[in-house]
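> The sequence and its predicted three-dimensional model are supplied below.
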Amino acid sequence: MEVLKLSFKLAFDKNLGLELFVFKHMYYDKSKKIFFSSYNTEHMIDAIGSFLLIFLNTDFEDDEDCRSFVFWFCFENLYYRKYPKIKKANQYSSTYLKLSFSEFNKELDRIIKEYKEEFLYLKYTLLKNLRLPYDTNFFRQYDDALELTQEDIQNIIQEEKNIMKINQ
């Protein structure tokens, strides 16, 4: 799975139950109307599993959610994969990457188009292997076993009505 490789770093302190999440995100300068990244990284210290939850709760099928995730966590990395010569030219600059508003949005759209399926594959593979209730197969096995008929549903509704009368 290349999509997130080298985009960020995670470290764990099992004794304190914390994770250190180091990443680079894009910034926007309103006065110059440019997006840029910094040589410096951002960090987040939170409970172990916080980034995993951010990832799993991102709806990668929704372009805006996908754009937001890429903007915050991996735009620069995915951009430089496409343009390694630009990365080399910017490696000693205090501002790594500068893009106009239109260039940035064009590249962000390209990244979403190119990597969306990979994000989805990674998310659903994680969900499947973690065996969390998010896995829709978990629910299907119970739905298949349940198979209520229309008569069963009517009986349940009637029982609920009877219980409500008794409780009044």
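Received, thanks.

> Tell me which residues of the helix or strand harbouring N129 come out buried.
Per DSSP states H and E: N129 is located in helix 101-130. Within helix 101-130, the residues that count as buried by 16 or more other C-beta atoms under 10 Å are 104, 107-108, 111-112, 115-116, 119, 122-123, 126-127. (Each C-beta comes from the backbone N, C-alpha and C, glycine too.)

> Need the max-distance pair from those residues.
Between any two of the buried residues of helix 101-130, the greatest separation by C-beta to C-beta is 30.8 Å, found for F104 and L127.

> returning to that earlier point: using CSV, please lay out the buried residues of helix 101-130 together with pLDDT.
Supplementary listing: those in CSV, determined by pLDDT from 0 to 100:
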residue, pLDDT
F104, 93
E107, 95
L108, 94
I111, 95
I112, 95
Y115, 93
K116, 93
F119, 92
L122, 89
K123, 90
L126, 85
L127, 82
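
> Tell me the one of those nearest S31?
Nearest to S31 out of these is F104 (C-beta to C-beta; 15.6 Å).

> For the chain, which segments count as helices?
50-56, 63-73, 75-82, 84-90, 101-130, 136-146, 150-167 (DSSP state H).

> rank the ones you listed by mean pLDDT and give me the bottom one.
Least confident of the helices of the chain, judged by mean pLDDT, is helix 136-146 with a mean of 48.
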